[in-house]
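Peer 1: Provide a 3D model corresponding to the input given below.
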Amino acid sequence: MSAETIQTLLEVARLVAVALITALITAFVTNRLTVNRERQSGRENRKREFHLFVTHLKAECEHHSPALRFDNFYQEKIPALRREAANIEADFRGNQRRTFNSLVDDATKQESPRRVIVALNAILDFLK
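Peer 2: The predicted structure is shown next:
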């Protein structure tokens, strides 16, 4: 083989290596961006679903029939509130998580419709 042929083959090999490295880096960056976007989308979906749940629960409390005892009605709703809160809790970190858990705990300890509604409003305000 001539020196010119060897030089051409080395140049081709170098170009192929650069193309492979570029493709690998592009695939890695695309994967990371996709994972981050999906993670953020999941957080937003869970937050929206929890917001809807709390809004619906608040409406039920506001329109609760006086013929039924509120404490019995609300005690039956607490497990669902805790279950829905557990779905979104991991999306918060540090002080935000402590605040969120404190707000949910506070909402589960209330007994009067007015106080429950105030506690649920505090959760909704936190989610904004």
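Peer 1: where in the chain is pLDDT low?
Peer 2: Residue ranges of the chain with pLDDT under 70: 35, 67.
Peer 1: Which strand or helix spans the residue nearest in space to the middle of it?
Peer 2: Centroid-nearest residue in the chain: R43, 1.9 Å away (criterion: CA atoms, centre = their mean). Assigned by DSSP states H and E, R43 belongs to helix 3-62.
Peer 1: From the contact counts, what lies against the next helix or strand after that helix?
Peer 2: Using DSSP H and E, the next helix or strand after helix 3-62 towards the C-terminus is helix 70-89. Packing contacts for helix 70-89, counted by 3 or more CB pairs under 8 Å, 6 or more residues apart in numbering; DSSP states H and E, involve helix 3-62, helix 94-109, helix 113-127. Where C-beta positions appear, they are placed from N, C-alpha and C, glycine not excepted.
Peer 1: Give me the distance from the longest one to the chain's centre.
Peer 2: Spelled out, that is helix 3-62. Taking CA atoms, centre = their mean, to the nearest Å, one finds the center of helix 3-62 at 18 Å from the center of the full chain.
Peer 1: quick check: angle from it to helix 70-89?
Peer 2: 170 degrees (axes from the mean of the first three to the mean of the last three CA atoms, to 10 degrees).
Peer 1: what angle do helix 3-62 and helix 94-109 make?
Peer 2: Using the same axes, to 10 degrees, helix 3-62 lies at 30 degrees relative to helix 94-109.
Peer 1: likewise the shortest one?
Peer 2: Note on geometry: by the same axes, to 10 degrees, helix 113-127 and helix 94-109 are set 160 degrees apart in direction.
Peer 1: Check what contacts helix 113-127 and list those residues.
Peer 2: 47, 50-51, 54-55, 57-58, 61-62, 64, 70, 74, 99-100, 103-104, 106-107, 110 (CB atoms under 8 Å, 6 or more residues apart in numbering).
Peer 1: Now restrict those residues to buried residues only.
Peer 2: Neighbour counting with 16 or more other CB atoms under 10 Å marks 47, 50, 54, 57-58, 61, 70, 74, 100, 103-104, 106-107, 110 as buried within the contacts of helix 113-127.
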